[in-house]
Every structure is written in structure tokens, then in C-alpha cells.
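1. Here is a sequence together with a model predicted from it:
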Amino acid sequence: MFYTYILYSKTRDKYYIGSTVNLTERLKKHNTNHSGFTGHTGDWHIVWFGIFDNLRDARIKENQIKKWKSRVMIEKLIASTGL
């Protein structure tokens, strides 16, 4: 299985969108102290995820969400699934 996911950080009041094959391990990496966008925060949590049969479909969904460039659209997606 492959996942597209949205993380939220209360500290930064930001969302992060990504895709992975292992959601649990990827979240752990986001919450480590590293130099990337999600580094140095440590409070990222999953607010939405979709499950896909292949990486290509997961990446297509990831790119679709990123192209929205709209916090409102992202929050509507999150609210529609009730995680």
C-alpha cells in the first residue's frame, strides 16, 4: 500500500503534504530534528491520509492537493474524512 498524507503543526500553524510507503515511519522522520521544512518542530500529526495501490497514484494525489495552493480546500478535504 502507498499513502498520500497531510500533516499539521500547531506550532507553525502549517500543513505539509507528502506521500510514502510507510506512514508510521515517515511521521517519525518528520518529527525528528532535521534541516528540512518539517524539522525543528516535533509536533506534526496526521490529519488526513489516502490509501493507494501504487506509488504513481499516491504521487498524483499529492500533486493535486499541492496544486490547490488553498488552505480552505485542504481543510475541506480534512473535514470531509473526519480523522
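-> Sure, I can see it.
2. all strands in the chain, in order from the N-terminus.
-> Counting by DSSP state E, the chain has strands at residues 2-9, 14-20, 45-52.
3. looking at those, which is buried most?
-> For these, the largest average neighbour count (mean count of other C-beta atoms under 10 Å) is found in strand 2-9, namely a mean of 20. Every residue, glycine included, has its C-beta placed from N, CA and C.
4. residues in contact with it?
-> 14-21, 23, 26-27, 30, 38, 41, 43-55, 57-59, 61-62, 65, 74, 77-78 (C-beta atoms under 8 Å, 6 or more residues apart in numbering).
5. gap between the longest helix that the chain contains and the chain center?
-> Across the chain, the longest stretch assigned as helix under DSSP state H is helix 55-68. The chain centre lies 11 Å from the centre of helix 55-68; the measure is C-alpha atoms, centre = their mean, to the nearest Å.
6. Please apply the same query to stretch 14-25.
-> For stretch 14-25, the distance to the chain centre is 4 Å (C-alpha atoms, centre = their mean).
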